[in-house]
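Q: turn this into a model:
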Amino acid sequence: MKSALVTGANKGIGFEVAKLLAQEGFFVYIGSRNLESGKQAAEKLGALGITNTQAIQLDVTDAQSILHASTAIAAKTDTLDVLVNNAGISGGFRQSTLDTPADVFRSVFETNVFGVVSVTQAFMPLLKKSAAPRIVNVSTSMASLTLAADIFGDQYAARYVAYQSSKSALNMYTINLAYELRETAFKVNAVCPGWTKTDFTANQGTSTAEEAAQRITRYALIDQDGPTGKFFSEEYFPAPANCPW
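A: Got it, this is the predicted structure:
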């Protein structure tokens, strides 16, 4: 059975991604900063008849937590086929370049960038043993420099500088990671789930958590002919009807 790890999977989009991957036949490790919350998520899936999951305590900002999680998963499986770096924080809204303290930037980058780097590096030994490893980094269209540069348009009338900057950095990390792994079977992509109704957005948005999870899971399941080193925002740029992945 193939295996997958989804960070921040105890609720919202991460939970739905975990559910979809489990339904696709993966054994899914539900990464959760709070282990009890992760266990409750696994129990919720179990009530739906989805039993191929396990909660793993994983705080992406804590080196010891990451080490313990990687050690625990390595004790149960020789390989990891999919890593979905979903855990993230906003840093609070709204954020001004002039008024947002540097500490807010540090906190947001700690989770959204450094956390992804740390988790990815920790699980790389297991991912490299997979015949078809996939990494999906959950990003946002708000990280687009092109869209954000339209300062006189209404695309992003409200600015969230710490959050947007962190996700732009994540996109660059994704591209470089894909480049370094270009001669391997890895597929590494950044995906925007869309403006989704979850706790993260105070339940505002144009997409459900289920719809967002479908967008992310699509790129966790791509075949050897699928893309790598790309950014996808299907809410704004839908995949073609005949898209093979």
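Q: and the lengthiest helix in the chain, what does it pack onto?
A: The single longest helix within the chain, with elements called by DSSP state H, is helix 161-180. The contact analysis (3 or more Cβ pairs under 8 Å, 6 or more residues apart in numbering; DSSP states H and E) places helix 161-180 against helix 102-109, helix 115-127, strand 134-138, strand 187-192, strand 230-233. C-beta here means a position set from N, CA and C on the backbone, and glycine is covered the same way.
Q: how about 7 Å then?
A: When contacts are defined as 3 or more Cβ pairs under 7 Å, 6 or more residues apart in numbering; DSSP states H and E, helix 161-180 packs onto helix 102-109, helix 115-127, strand 187-192.
Q: then stretch 123-133 to CSV, C-alphas only?
A: C-alpha atoms of stretch 123-133 as CSV (Å, rounded to 0.1, in the frame of the first residue of the first chain):
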residue,chain,number,x,y,z
PHE,A,123,11.2,13.0,4.9
MET,A,124,13.4,13.0,1.8
PRO,A,125,15.1,9.7,2.7
LEU,A,126,11.7,7.9,2.7
LEU,A,127,10.5,9.8,-0.4
LYS,A,128,13.6,8.8,-2.4
LYS,A,129,12.7,5.2,-1.9
SER,A,130,9.4,5.6,-3.6
ALA,A,131,9.1,4.6,-7.3
ALA,A,132,6.9,7.7,-7.9
PRO,A,133,7.4,10.3,-5.2
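Q: show me which residues of that stretch are buried.
A: In terms of neighbour count (16 or more other Cβ atoms under 10 Å), stretch 123-133 has its buried residues at 123, 124, 126, 127, 130, 133.
Q: which residues touch stretch 91-99?
A: For stretch 91-99, the external contacting residues (Cβ atoms under 7 Å, 6 or more residues apart in numbering) are 104, 107, 108, 158, 159, 160, 161, 162, 163.
Q: show me what counts as buried in the worst-scoring helix or strand of the chain on mean pLDDT.
A: The least trusted helix or strand in the chain, going by mean pLDDT, DSSP states H and E, turns out to be helix 145-148, with a mean of 78. For helix 145-148, the neighbour count (16+ other Cβ under 10 Å) marks residue 148 as buried.
Q: cool, stretch 43-60 as well?
A: 45, 52, 53, 54, 55, 56, 57, 58, 59, 60.
Q: just the endpoints, please. Distance across that stretch?
A: End-to-end distance of stretch 43-60 (Cα to Cα, to the nearest Å): 23 Å.
Q: how distant is it from the center of its chain?
A: On the basis of Cα atoms, centre = their mean, to the nearest Å, the separation between the geometric centre of stretch 43-60 and that of its chain is 17 Å.
Q: ok, now stretch 62-82?
A: With Cα atoms, centre = their mean as the basis, stretch 62-82 stands 17 Å off its chain's centre.
Q: pLDDT on that stretch, on average?
A: Across stretch 62-82, the average pLDDT comes to 98.
Q: do stretch 34-50 as well
A: 98.
Q: gap between residue 140 and residue 216?
A: Shown here: residue 140 relative to residue 216, a distance of 12 Å by Cβ to Cβ, to the nearest Å.
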